[in-house]
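Q: Compute the structure for the input listed below.
(chains A and B)
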Amino acid sequence: KNEVEQSPQNLTAQEGEFITINCSYSVGISALHWLQQHPGGGIVSLFMLSSGKKKHGRLIATINIQEKHSSLHITASHPRDSAVYICAVAGGTSYGKLTFGQGTILTVHP
Amino acid sequence: DTEVTQTPKHLVMGMTNKKSLKCEQHMGHRAMYWYKQKAKKPPELMFVYSYEKLSINESVPSRFSPECPNSSLLNLHLHALQPEDSALYLCASSPGLARSSYNEQFFGPGTRLTVL
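A: Numbering: from 1, shown residues only, chains lettered A, B, ... in the order given. The predicted structure follows:
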């Protein structure tokens, strides 16, 4: 079992739909990251969370430390949101090593 | 300036070539990272530098040689690579290596490496 599990692995939506991607982890963490990667491209950091909720534009990220679970929500999805979304956790060590989930491939159709 | 830049964007090299990848950031970050990412897989950590000193080497073969000449610059020297080393090489930086709010890593666009 991976230390970081994401679901679903693949997600297809119609433009305008509300999207949720889930991330569960089994280790103690100091922070959780949501990252976005477009096909063939580099990685963009969307959020870093250690508690509660953060919002940026149409993106919302939440984390429940007790349940070891985080969600990434996209409201009013758009085809340009099509990308791989990766959850990564920073453990309790001092060197900030990230443990990555396998990613969720999101495709939003017009 | 809030970005990490990487050059070149694409690199094709033979197994006998020597080449270098370059990464630069001007955010004053003191930690820099090299990752390797194969298609449809998450990134794999290769090296971590903290205050220009190598902190972590994730058992990377010696044909990959990192260098951090100063706090803004990180190089990855490549020599005698194998075709299976073809991948996207990502650089990242963070303010430091400490816990919580200092851990946010900012990624560069990557160098797409093909070894023939």
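Q: what does chain A have sitting close to chain B?
A: Counting by CB under 8 Å from any CB of the partner chain, the residues of chain A close to chain B are A:30-31, A:33, A:35, A:40-45, A:48, A:50, A:86, A:88, A:90, A:92, A:94-98, A:100-103. To be clear about C-beta, it is placed using only N, CA and C from the backbone, and glycine gets the same treatment.
Q: thought B:Thr114 was touching B:Leu11?
A: Yes. Using CB atoms under 8 Å, B:Thr114 is in contact with B:Leu11, at 7.2 Å.
Q: The two: who's more crowded?
A: Remark: of B:Thr114 and B:Leu11, B:Leu11 carries more neighbours, 18 against 13, as counted by other CB atoms under 10 Å in any protein chain shown.
Q: before we move on, which element is the residue nearest to that one when sequence neighbours are not counted in?
A: Leaving out its chain neighbours, the residue that sits closest to B:Leu11 by CB to CB, 6 or more residues apart in numbering or on different chains is B:Leu113, at 5.1 Å. Using DSSP states H and E, the element containing B:Leu113 is strand B:111-115.
Q: how far out from the middle of the chain is that strand?
A: Chain-centre distance of strand B:111-115: 12 Å, with CA atoms, centre = their mean, to the nearest Å.
Q: Not counting sequence-adjacent ones, nearest residue to residue 75?
A: I'll assume chain A. Nearest one to A:Thr75, counting by CB to CB, 6+ apart, is A:Arg58 at 4.8 Å.
Q: Chain B is the one I meant
A: Nearest to B:Asn75 is B:Glu67, by CB to CB, 6+ apart, at 4.4 Å.
Q: ditto for B:Met46
A: B:Trp34 is the one closest to B:Met46 (CB to CB, 6+ apart), at 4.3 Å.
Q: what do you get for B:Ser65?
A: B:His77 (4.2 Å).
Q: ok, that neighbour to A:Phe18 distance?
A: 47 Å (CB to CB, to the nearest Å).
Q: Drop anything exposed from the residues of chain A next to chain B.
A: A:30-31, A:33, A:35, A:42-43, A:45, A:48, A:86, A:88, A:90, A:95-98, A:100-103 (16 or more other CB atoms under 10 Å in any protein chain shown).
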